[in-house]
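> What would the 3D arrangement of this be:
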Amino acid sequence: MFLQKKLSIPATVSRVVKFIPELRQQVEGLIQKKEVLLSSIPRLHGEQNHMQEDRRHDMSSRNSLSAVSTNWLNDSEVAIQLSTYKVQKSPLAEILFSLEEDGFLLLNASSFESFRSGRVFYNLHLQVERTTSRLEREVLNEKLQSLCGKGKEFNHEYIGSMHFNDLPI
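Presented below is the predicted three-dimensional model:
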């Protein structure tokens, strides 16, 4: 067993007096490291923002900025999923008006935005007043693809306040 000799009060004070400047130097060194790290963060954010802008530019230059999926639940109900980039004009209002003219009734709608990919996703649940044939279903899908290809810019932040048939989107 290792026995330590108890220090006298003057010896303890002497050690503390020597130790305080050493601690101050360590604190100053840590402060300098912190400043260096903090100064590099804006550069990193700037590089990340630049890369995100490049990625958005690449996305906006693609031919097809939207994707549409239609899934018939039965002969009278369809689920439609739309995916657009946030910088693109939203086709939602035009699609809903067109579908209403074709005899569809909106039962439910929801949307969400992926901040990572810059995409906005819409989910629509519609009911048709009459049964549809396979040909009409294919025409519907082509019509939706055509409607989604229109437009350039739209602020998706306001889509949450739009109402169709008294159902909030």
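> pull the CA atoms of stretch 109-127 into CSV?
The C-alpha trace of stretch 109-127 is given here as CSV (Å, rounded to 0.1, in the frame of the first residue of the first chain):
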residue,chain,number,x,y,z
ALA,A,109,-55.9,15.2,-48.4
SER,A,110,-52.6,15.6,-46.6
SER,A,111,-49.2,17.0,-47.4
PHE,A,112,-45.7,17.1,-45.9
GLU,A,113,-42.3,18.5,-46.9
SER,A,114,-39.0,16.8,-46.8
PHE,A,115,-36.5,19.4,-45.8
ARG,A,116,-33.6,17.2,-46.7
SER,A,117,-34.6,16.5,-50.3
GLY,A,118,-36.6,19.7,-50.9
ARG,A,119,-39.6,17.8,-52.0
VAL,A,120,-43.3,18.3,-51.1
PHE,A,121,-45.5,15.2,-51.0
TYR,A,122,-49.3,15.3,-51.4
ASN,A,123,-51.7,12.5,-50.6
LEU,A,124,-55.2,12.6,-52.0
HIS,A,125,-58.1,10.2,-51.4
LEU,A,126,-60.9,10.7,-53.9
GLN,A,127,-64.2,9.1,-54.7
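> What residues sit buried inside that stretch?
Neighbour-count burial for stretch 109-127, with 16 or more other C-beta atoms under 10 Å as criterion, is recorded at 109, 111, 118-120, 122, 124-126. C-beta coordinates here come from the backbone N, C-alpha and C atoms, glycine included.
> just the residues you listed now: which is nearest residue 76?
Of all these, residue 76 sits closest to residue 126, with 9.4 Å by C-beta to C-beta.
> Does the closest residue to that closest one other than its chain neighbours have any beta-bridge partners, and if so which?
Nearest non-adjacent residue to residue 126, counting by C-beta to C-beta, 6 or more residues apart in numbering: residue 104, 4.4 Å away. For residue 104, the beta-bridge assignment (DSSP bridges) gives partners residue 128.
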